[in-house]
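Colleague: Dropping a prediction and its sequence here:
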Amino acid sequence: MSLTYQQSSLVRQTVPALKEHGERITSIFYKTMLTDHPELNNYFNSVNQKNGRQPRALTAVILGFASNINHLSELVPKFERMCNKHCSLGIQPEHYEVVGKYLIQAFGEVLGPAMTPEVQTAWTKAYWMLAKMLIGREAQLYRDFESWPSWRPFKIDRIVNECDDLYTFYLVPQDGKRLPKFLPGQYISVQIQVPGGNLQSRQYSLSEAWREDYYRITIRRDEGTVYSNSVSKSFFNPGVVSNYLIDQTTVGSILKVSHPAGEFFLDIHNTSTVPLVLISAGVGVTPMVSIANTVMESQPGRQIAWIHGCRKHIPFEDHIRALRKKNSNFRTKIFKTVINSTDRPGETYDYNERMDLAKLKPEELHLQHGGTEYFICGPEQFMINQKLYLLQQGVSDSRIKCEIFTTGDLVTKQG
C-alpha cells in the first residue's frame with residue numbers, strides 16, 4: 001500500500017505542525033490509549049512516561065518518518081533499533097492496530113481543521129506503511145528466536161557486588177536447556193511485577209561472552225534525578241526495575257527473561273582482523289566486557305584498545321587487568337576523576353581527569369588504520385562527545401557504533 005504523490009505531499013506538509021505540536025499529540029496519544037487499554041502499561045517504561053522521554057521519542061520518530069516519507073531507507077538504522085526493542089518486549093502485530101487508532105485520533109484532536117479527510121487518509125496509509133515495515137522485520141527476528149519467542153523463567157544463581165552500586169547477576173534457565181548464542185554487545189530484557197503496579201521490563205547488556213548454561217548481566221542502582229539544596233537532597237523518578245532487582249531479589253529468585261536482541265554488537269561471523277577500540281564510561285563497561293571476552297577467546301591476535309572513564313572504581317578491574325596481562329594485543333587507558341591512596345599511575349589509571357580522547361596518541365586509538373571499528377557506551381553526552389571527536393579525526397560514521405540505553409536517539413552535531 002504505497003502513497004500517491006499527493007498523499008506524500010500532504011504528509012510532508014504536516015511537518016511544521018508536528019514540530020510545533022508533536023509532544024502534545026504524543027502525550028494525548030499515550031494518555032488516551034493507556035486509559036482505554038491499561039494492559040498496555042505492561043509494555044511501556046513507567047519512568048519514561050513520567051519524565052516525558054517516551055512522548056518525545058515518539059515525536060522524533062513521527063517527525064523523522066514524515067520528513068523522509070520518500071526516502072525511508074535513511075531510517076533503516078532507527079527502525080532496526082525499534083524492532084529489536086519491540087521483540088525484546090514481546091510486541092505483536094495486533095498492537096499496531098491499537099496504536100494506529102489512537103495516534104490518528106490524537107492527530108485530529110490537536111490539528112483540528114488542518115486534519116482534513118484527505119490528510120487523515122494520507123496519514124493512515126503512511127502509518128500502515130511504517131507499521132508493515134516494522135511488523136515484517138519483527139517477524140524475521142521472532143523466527144530467529146525459534147522456540148523462545150516470549151518470556152522464559154530464569155533463576156538467579158549468583159549475585160556479585162562489582163563496585164559501588166554495581167551488581168552482577170548470573171542467570172540460569174529454569175528448564176536447564178542449552179542457551180542460544182548471541183552477538184557480543186546485545187542485551188536481554190528482564191520483566192518483573194512491580195508491587196502494586198504493572199509489569200515492567202528493562203534491557204540489560206549481557207556482560208559475558210556466550211556460555212551455554214548461563215547469561216550474565218550487570219546492573220547499576222538508579223537513584224533517579226537528583227535535586228538538592230542547602231537543607232536536603234531528594235531523587236525524582238528513581239529506577240523501578242534496577243533498584244528492585246538489587247534490593248528485592250536474592251539467589252534463587254525467578255525472573256522472566258527475553259531472548260537476546262539488539263543492534264549494538266560486534267559481528268563475530270565477520271572474521272575481520274581490523275583493530276577494535278572500545279570506549280566506555282560507568283556502567284557502559286558491560287557490553288564491552290562481552291565484546292572483549294569474545295574476541296580474546298576467538299581472535300586472540302586481534303588488537304583491542306579499551307578506553308574507560310570512571311569516578312572512583314573500575315568495574316571488572318581485576319578481570320580487565322588479567323586480560324591485559326594475558327594478551328599484549330589488549331591495551332587499556334583509564335581516565336579516573338577521584339584517585340585514592342592505593343591507585344598507581346600507569347597501572348590502575350592513566351589520567352586523573354574526565355575522559356579526553358585528545359590526550360591519547362593517534363596510534364593508541366588506531367586512527368591510522370582506515371578500518372578500525374569503534375564501540376562507544378556510556379551516558380548520552382559522553383557518547384556524543386567521544387563520537388564527535390572521532391568524526392573530527394576523520395573516522396567515518398559507519399565505523400562508530402553507540403549503545404543507547406534510554407528512549408530516543410543520539411544527536412551528534414559537528415560545528
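Modeller: Now that the structure is in, tell me what you want to look at.
Colleague: contacts, neighbours, all on C-alpha from now
Modeller: Noted.
Colleague: tell me which residues form a beta bridge with residue 202?
Modeller: Residue 202 forms beta bridges with residue 190, as assigned by DSSP bridges.
Colleague: for the longest helix anywhere in the chain, which positions count as buried?
Modeller: Of all segments of type helix in the chain, defined using DSSP state H, the longest is helix 117-145. Neighbour counts using 16 or more other C-alpha atoms under 10 Å place 119-128, 131, 134-135, 138, 141-142, 145 of helix 117-145 among the buried residues.
Colleague: what does stretch 161-177 give?
Modeller: For stretch 161-177, burial by neighbour count (16+ other C-alpha under 10 Å) applies to 162, 166, 167, 168, 169, 170, 171, 172, 173.
Colleague: I'd like the residues you listed as a markdown table, with pLDDT, distance to residue 255 and secondary structure appended.
Modeller: Converted to a markdown table, these look like this (pLDDT from 0 to 100; distance: C-alpha to C-alpha, whole Å; DSSP: H, G, I helix; E, B strand; the rest coil):
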| residue | pLDDT | distance to residue 255 | secondary structure |
| --- | --- | --- | --- |
| 162 | 92 | 21 | strand |
| 166 | 92 | 19 | strand |
| 167 | 96 | 16 | strand |
| 168 | 97 | 14 | strand |
| 169 | 98 | 11 | strand |
| 170 | 98 | 11 | strand |
| 171 | 98 | 9 | strand |
| 172 | 98 | 10 | strand |
| 173 | 97 | 10 | strand |
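Colleague: Just the closest of those residues to residue 253, please.
Modeller: Comparing the buried residues of stretch 161-177 against residue 253 with C-alpha to C-alpha places residue 171 closest, at 9.7 Å.
Colleague: in which helix or strand would I find the closest residue in space to the closest one that isn't next to it in sequence?
Modeller: Nearest residue to residue 171 in three dimensions, chain neighbours excluded: residue 156, at 4.8 Å (C-alpha to C-alpha, 6 or more residues apart in numbering). Using DSSP states H and E, residue 156 sits in strand 152-163.
Colleague: Any buried residues in that strand, and which?
Modeller: Going by 16+ other C-alpha under 10 Å, strand 152-163 has these buried residues: 152, 153, 154, 155, 156, 157, 159, 162.
Colleague: can you check stretch 374-389 too?
Modeller: For stretch 374-389, by 16+ other C-alpha under 10 Å, it's 374-380, 382-384, 386-389.
Colleague: List the ones among those residues that fall in strands.
Modeller: If you go by DSSP state E, the buried residues of stretch 374-389 have 374, 375, 376, 377 in strands.
Colleague: how deep is the residue lying closest to residue 349 once chain neighbours are set aside tucked in, by neighbour count?
Modeller: Distances taken as C-alpha to C-alpha, 6+ apart put residue 334 closest to residue 349, at 4.8 Å, once the chain neighbours are dropped. A count of nearby residues for residue 334, using other C-alpha atoms under 10 Å, gives 24.
Colleague: where in the chain is pLDDT low?
Modeller: Confidence mapping of the chain against pLDDT under 70 gives the ranges 1, 224-237, 405-415.
Colleague: Show me where it has its strands.
Modeller: Using DSSP E, strands in the chain cover 152-163, 166-173, 187-193, 199-205, 215-220, 225-228, 233-236, 254-257, 276-281, 304-310, 330-336, 373-377, 400-403.
Colleague: now for those strands, which one comes closest to residue 13?
Modeller: strand 400-403 (32.4 Å).
Colleague: Would you mark the buried spots in the closest one?
Modeller: Quick answer for strand 400-403 (16+ other C-alpha under 10 Å): 400, 401, 402, 403.
Colleague: List the contacts of the last one.
Modeller: It stands for residue 403. Taking C-alpha atoms under 8 Å, 6 or more residues apart in numbering as the criterion, residue 403 is in contact with 264, 375, 376, 377, 378.
Colleague: The third one pairs with what?
Modeller: Right, the one you point to is residue 376. With DSSP bridges as the rule, residue 376 is bridged to residue 279, residue 402.
Colleague: Tell me which residues touch it, please.
Modeller: Applying C-alpha under 8 Å, 6+ apart, the residues near residue 376 are 278, 279, 280, 383, 386, 387, 400, 401, 402, 403.
Colleague: Look up how far residue 55 lies from residue 83.
Modeller: 18 Å (C-alpha to C-alpha, to the nearest Å).
Colleague: doesn't residue 380 make contact with residue 282?
Modeller: No: in this structure, residue 282 is not within contact of residue 380 by C-alpha atoms under 8 Å, at 11.6 Å.
Colleague: Hmm, residue 103 is touching residue 26, no?
Modeller: Yes: the criterion here is C-alpha under 8 Å, and residue 103 meets it with residue 26 at 7.4 Å.
Colleague: Which one of those two is surrounded by more residues?
Modeller: Remark: of residue 103 and residue 26, residue 26 carries more neighbours, 25 against 21, as counted by other C-alpha under 10 Å.
Colleague: The residue lying closest to that one once chain neighbours are set aside: neighbour count?
Modeller: Nearest residue to residue 26, sequence neighbours excluded (C-alpha to C-alpha, 6+ apart): residue 55, at 5.2 Å. By other C-alpha under 10 Å, 24 other residues sit near residue 55.
Colleague: give the contact list for residue 55.
Modeller: Contacts of residue 55 (C-alpha under 8 Å, 6+ apart): 23, 26, 27, 30, 49.
Colleague: At which residues are the helices of the stretch 201-350 of the chain located?
Modeller: For the stretch 201-350 of the chain, the helices defined by DSSP state H, counting those that start in this stretch occupy 241-248, 285-298, 317-326.
Colleague: Out of these, which is closest to residue 179?
Modeller: Among the helices of the stretch 201-350 of the chain, the nearest to residue 179 by C-alpha to C-alpha is helix 285-298 (15.8 Å).
Colleague: That closest one to strand 276-281, inter-axis angle?
Modeller: 160 degrees (axes from the mean of the first three to the mean of the last three C-alpha atoms, to 10 degrees).
Colleague: angle of helix 285-298 against strand 373-377?
Modeller: Put simply, helix 285-298 runs at 150 degrees to strand 373-377, going by the same axes, to 10 degrees.
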